[in-house]
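[1] all I have is the shape, not the residue letters:
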Ligand SMILES: N[C@@H]1[C@@H](O)[C@H](O)[C@@H](COP(=O)(O)O)O[C@@H]1O
């Protein structure tokens with residue numbers, strides 16, 4: 001991580017540390033940026049008694065939770081830095097006296113100006129992943145946890161963040177052939193469901209709403225592995241494709257159960273079993289937390305090869321950023 005990035009993390013963490021009391025962590029963004037906060041919410045939930053809630057930005061703007069105030073910590077993210085509802089949410093939270101931390105790829109963007117503490121990240125095509133979005137988020141999350149309830153576990157987690165580039169490269173390589181196979185097999189698919197739970201649920205969610213619906217115009221929906229049995233499993237059939245992520249956290253039994261049922265009736269399951277991930281350098285008690293980051297990188301490659309086989313670039317949009325909405 002560059003010194004500049006380390007300074008940004010330190011400023012955000014120190015601001016949270018300086019608060020006498022924290023009543024709530026609010027994690028606010030839209031679409032893929034909202035999904036980015038999923039694992040962070042899971043970590044806060046498992047590691048501290050302070051509640052952490054994810055909001056879609058516009059819902060936050062319209063709801064304005066009652067507990068929001070000077071004791072709150074608000075994390076926002078906008079890749080472009082320009083999504084109006086995210087900027088507005090950050091402005092309102094700051095007006096209410098909350099400590100606002102804004103993640104964005106774009107320095108000096110409207111979100112950057114709205115947030116009190118700004119954290120920049122690189123995209124995956126730039127420089128290296130050590131200043132990437134996942135690295136910056138985990139450095140802030142574990143930094144905050146270590147500041148408010150010091151624990152050597154968080155120090156190990158912060159060290160693991162430096163290991164992310166290696167972890168990502170190893171797993172991309174490990175899954176490259178499977179990604180190719182997936183792209184070829186499903187290039188004519190008209191629907192692709194994703195299933196996961198726990199820390200990985202939002203990886204399935206962003207795969208469905210961003211990578212498939214937004215970027216490939218393929219019908220998709222993320223199904224929570226626990227919720228599968230409460231409605232969605234009725235659509236299971238031999239020709240209905242599912243991507244199932246089996247995670248490494250406390251919720252893995254939910255994924256196991258969904259997979260065990262689904263494979264009886266669907267012949268179209270793409271299983272991403274995190275037990276197979278190369279997690280070299282990640283301590284056992286942290287694997288569940290780092291797993292969604294690896295799953296995200298692997299699934300991005302699955303989507304990229306699919307796009308390639310379909311001849312439909314991931315960058316094409318019909319409506320997004322092209323008109324008023
Ligand atoms: N795939 C997502 C979209 O779902 C989302 O609407 C957008 C939010 O934008 P931003 O992160 O710039 O606020 O980001 C990505 O492109």
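    Now that the structure is in, tell me what you want to look at. Everything numeric here is computed off the predicted structure, so don't read it as measured data.

[2] what helices or strands is the helix or strand encompassing residue 222 leaning on?
    Taking DSSP states H and E as the criterion, residue 222 maps to strand 219-224. Other helices and strands packing on strand 219-224, by 3 or more C-beta pairs under 8 Å, 6 or more residues apart in numbering; DSSP states H and E, are strand 191-196, helix 201-206. Glycine gets a C-beta too; all of them are placed from N, C-alpha and C.

[3] touching the ligand at all, it?
    No. Strand 219-224 lies out of reach of the ligand by C-beta under 6 Å from any ligand atom, never closer than 12.8 Å.

[4] what's the angle from that strand to strand 191-196?
    20 degrees (axes from the mean of the first three to the mean of the last three C-alpha atoms, to 10 degrees).

[5] what are the pairing partners of strand 219-224, and which direction each?
    Strand 219-224 has its sheet partners listed here by DSSP bridges as strand 191-196 (parallel).

[6] hmm, who's touching the partner strand?
    186, 203-205, 207-208, 212, 218-225, 228, 232, 235, 240-245, 247, 255, 258, 262, 295 (C-beta atoms under 8 Å, 6 or more residues apart in numbering).

[7] and the strand holding residue 222, how far out from the chain middle?
    16 Å (C-alpha atoms, centre = their mean, to the nearest Å).

[8] list the buried residues for it?
    Judged by neighbour count (16 or more other C-beta atoms under 10 Å), strand 219-224 contains these buried residues: 220-224.

[9] okay, those residues in TSV with pLDDT and distance to residue 86 next?
    Shown next, in TSV, are those (pLDDT from 0 to 100; distance: C-beta to C-beta, whole Å):
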residue	pLDDT	distance to residue 86
220	98	23
221	98	24
222	98	21
223	98	26
224	98	25
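
[10] from the residues you listed, pick the one nearest residue 22.
    Among the buried residues of strand 219-224, residue 224 lies closest to residue 22 (C-beta to C-beta), at 28.1 Å.

[11] got a list of what the closest one touches?
    Going by C-beta under 8 Å, 6+ apart, residue 224 touches 195-197, 201, 254.

[12] near the residue nearest to residue 92 when sequence neighbours are not counted, how many other residues are there?
    Leaving aside its chain neighbours, residue 92 sits nearest to residue 61 (6.3 Å; criterion: C-beta to C-beta, 6 or more residues apart in numbering). By other C-beta atoms under 10 Å, 20 other residues sit near residue 61.

[13] how many neighbours does the closest residue to the ligand within the stretch 151-300 of the chain have?
    Nearest residue of the stretch 151-300 of the chain to the ligand: residue 210, at 3.6 Å (C-beta to the nearest ligand atom). Applying other C-beta under 10 Å, we find 20 residues neighbouring residue 210.

[14] distance of the residue lying closest to it once chain neighbours are set aside relative to residue 195?
    Of all residues not flanking residue 210 in the chain, residue 32 sits nearest, at 4.4 Å (C-beta to C-beta, 6+ apart). In this view, residue 32 and residue 195 are 19 Å apart by C-beta to C-beta, to the nearest Å.

[15] who has more neighbours out of those two?
    residue 195 (28 against 20).

[16] quick check: bridge partners of the more buried one?
    Residues in beta-bridge contact with residue 195 (DSSP bridges): residue 223, residue 244.

[17] same check, this time on residue 55
    Here residue 55 sits in beta bridges with residue 28, going by DSSP bridges.

[18] list the residues that contact it.
    Residues near residue 55 by C-beta under 8 Å, 6+ apart: 26-28, 63, 65, 89.

[19] now these as TSV including distance to residue 111, pLDDT and neighbour count?
    What follows is the contacts of residue 55, written out as TSV (distance: C-beta to C-beta, whole Å; pLDDT from 0 to 100; neighbours: other C-beta atoms under 10 Å):
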residue	distance to residue 111	pLDDT	neighbour count
26	15	98	23
27	14	98	25
28	11	98	29
63	20	97	10
65	20	97	15
89	9	98	30
